[in-house]
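*Asks:* Next comes the sequence, and after it the predicted model I'd like to discuss.
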Amino acid sequence: MRRLPPLKAIAAFEAAARHESVTKAAIELNVSHSAISQQIKILEHHFNQKLFQKKGSGIELTPKARNFLKDVTESLDIIAVASQNLTSSNVLNRISVNSTPTFSVQWLVPRIADFQRAFPNVEVKTEISTTDVLSKAYEQSDLIIRRYPMKKSGMECVRILDDVSVAVAAPRLFEEESLESPSDLLNFKLLHTKSRISAWPNWFRKAGIVTSQTLAGQVFDHIFLSLASARSGAGICLCPRVFVEDDIRDGRLINVFAENVIIGSGFYALYDKKSRGVNNIERLIRWLMSENIADVPASQDIEWELYS
């Protein structure tokens, strides 16, 4: 159970502090001057300290109360927004999208910004899941995006994006040593992602090179962290090409041995076709799919090990 101060007193405190006037606070809250003063006294008694001090003909906050006001203001703003959302008639124009951190940072958020510029009346809220696993905690999301086909009773799953993993590194990594064949990468630091720990062995296998299933190198919790390390010149990262297209185009990263790739089944979106907001959900899906028009890979070409 939360231990909260009297909320009526909090409202009086915030108004008086914002206006630096008990009289103006009373007018705003449509109560008497004495009612505001009484609520402030209740709050001061609750905290066992003064919250205001005299300043000429008005009042001002004590230093501790000024810090308290910042948190109170933010909290009341959150309640105000939540209340507006609860009663808003535009509830069908809001879409919550749940995805993993790397997908959200590297690909989703920039495209959602473009989508909202095209459809300013549709509000898109991004939510983060730290794993690929579906959980009941995310069942309230309107759209769930994962790196594999999802099955959930009564819901629709559609493929929205290619998943072709490539090896990338900062150009300066190869300034003193050139690359002749894929096996040369074993002389450099390989960057791994915990959830795709078999990715590098699979990549080398596709190049006709047999390696251990446990190659040396730093292991990161998320792909976006290994990408940041690769950009700094710390090693070579294996990641979906769609995450690094801008980096490759702008020269921050180079795609080494670009012909050697790991093909995944794709990125998929799961949603409820019976949702009241399905029209906007499907509008967003079409927008995201338009960013990556490609054929679904044949089943024999998919490296399923990447998803184990």
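*Replies:* Cool, got the structure.
*Asks:* Ends of stretch 186-203, what's the gap?
*Replies:* Its start and end residues considered, stretch 186-203 measures 12 Å (Cα to Cα, to the nearest Å).
*Asks:* Any regions of this structure where pLDDT drops low?
*Replies:* Applying pLDDT under 70 to the chain flags the ranges 84-92, 136-139, 292-308.
*Asks:* quick one, longest helix in it?
*Replies:* Longest helix of the chain, by residue count under DSSP state H: helix 63-87.
*Asks:* what ranges do the strands span in the stretch 101-250 of the chain?
*Replies:* Remark: strands assigned in the stretch 101-250 of the chain by DSSP state E, counting those that start in this stretch are 123-128, 143-146, 156-161, 164-169, 190-193, 219-220, 236-240.
*Asks:* okay, the ones you listed, which one's buried deepest?
*Replies:* Most buried of the strands of the stretch 101-250 of the chain by mean neighbour count (mean count of other Cβ atoms under 10 Å) is strand 236-240; its value is a mean of 25. (C-beta placed from N, C-alpha, C; glycine too.)
*Asks:* Of all the strands of the stretch 101-250 of the chain, which one is nearest A230?
*Replies:* strand 236-240 (3.8 Å; Cβ to Cβ).
*Asks:* For that closest one, output the C-alpha coordinates as CSV.
*Replies:* Output in CSV follows, covering the C-alpha atoms of strand 236-240 (Å, rounded to 0.1, in the frame of the first residue of the first chain):
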residue,chain,number,x,y,z
ILE,A,236,33.0,-6.8,-35.9
CYS,A,237,29.3,-7.1,-35.3
LEU,A,238,26.8,-9.5,-36.9
CYS,A,239,23.3,-8.0,-37.2
PRO,A,240,20.2,-7.6,-39.4
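*Asks:* how far is that strand from where the chain is centred?
*Replies:* 20 Å (Cα atoms, centre = their mean, to the nearest Å).
*Asks:* other SSEs contacting that strand?
*Replies:* The helices and strands touching strand 236-240, judged by 3 or more Cβ pairs under 8 Å, 6 or more residues apart in numbering; DSSP states H and E, are strand 164-169, strand 190-193, helix 199-206, helix 223-231.
*Asks:* Can you say which of the ones you listed is nearest to I95?
*Replies:* Comparing those against I95 with Cβ to Cβ, the closest turns out to be helix 223-231 (22.9 Å).
*Asks:* Can you say which of the strands of the stretch 101-250 of the chain is nearest to I285?
*Replies:* With distances scored as Cβ to Cβ, the stretch of the strands of the stretch 101-250 of the chain nearest to I285 is strand 156-161 (6.3 Å).
*Asks:* What strands line up against that closest one, and which way round?
*Replies:* Using DSSP bridges, the strands paired with strand 156-161 are strand 267-271 (antiparallel).
*Asks:* Name the residues that touch the strand it pairs with?
*Replies:* With contacts defined as Cβ atoms under 8 Å, 6 or more residues apart in numbering, strand 267-271 is touched by 103, 134, 142-150, 152, 155-163, 240, 278, 281-282, 285, 288.
*Asks:* just stretch 133-149 next, same as before
*Replies:* With Cβ under 8 Å, 6+ apart as the test, stretch 133-149 has contacts from 95-100, 103, 108, 127, 129, 132, 150, 152, 157, 159-160, 163, 264-272, 275, 277, 281, 284-285, 307.
*Asks:* Perfect, I'm done here.
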